[in-house]
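J.: Have a look at this fold, sequence not included:
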């Protein structure tokens, strides 16, 4: 797997504070992303700070994890900024929380319709699918991505 470089890191001083991926957001998820074949992957520790039920990851945080990775799929695969227009989730099994718990969030493009990317995502724990989502993302033009969203490309580390 190749680590994906965060294209917004230089904007920290300008207010970049994404709840999903900013490494400096003290309340955020601090997600990091990797490229694995057709998929984008994030390995994440669901600490007890993010629980709903006792030692169980809150459903809203699960939705956020899958929505965030979908944005990174668009950034890396399509090299543009995008925004969620639709998000459908199926919660299948509880996701545990705790200091030693690691989950895997995976996503990929499953289709394109004009400027809309269809993204499939899932959260896995111990090899089991715990939740899955299908999202529709509107993809902005390269020009708008750069001028309005400060996006100039998404690369991997060599």
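T.: Thanks, I have it. Since the model is a prediction, treat every value here as computed from it, not as a measurement. Numbers count the residues shown, from 1 in each chain.
J.: hey, where'd the helices end up in the chain?
T.: All helices of the chain, identified by DSSP state H, fall at 59-73, 142-149.
J.: and the shortest one, how far out from the chain's middle?
T.: Centre-to-centre, helix 142-149 and its host chain are 20 Å apart (Cα atoms, centre = their mean, to the nearest Å).
J.: who's in contact with stretch 103-111?
T.: Residues outside stretch 103-111 that contact it (Cβ atoms under 8 Å, 6 or more residues apart in numbering) are 31, 36, 38-46, 57, 65-66, 69-70, 72-73, 77-78, 95, 117-125, 130, 134. Using the backbone N, CA and C atoms, a C-beta is placed for each residue, glycine as well.
J.: Ends of stretch 20-33, what's the gap?
T.: Taking Cα to Cα, to the nearest Å, the first and last residues of stretch 20-33 lie 11 Å apart.
J.: contacting residues around it?
T.: Applying Cβ under 8 Å, 6+ apart, the set of residues contacting stretch 20-33 is 3-4, 6, 8-9, 12, 16-19, 40-44, 50, 61, 64-65, 67-69, 71-72, 76, 105.
J.: Show me just the buried residues among those residues.
T.: 4, 6, 8, 16, 18, 40-42, 44, 50, 61, 64-65, 67-69, 71-72, 76, 105 (16 or more other Cβ atoms under 10 Å).
J.: pretty sure residue 50 contacts residue 57?
T.: Yes: assessed by Cβ atoms under 8 Å, residue 50 is found in contact with residue 57 at 5.9 Å.
J.: Quickly list what's touching both of the two.
T.: In terms of Cβ under 8 Å, 6+ apart, residue 50 and residue 57 are both contacted by the residues residue 97.
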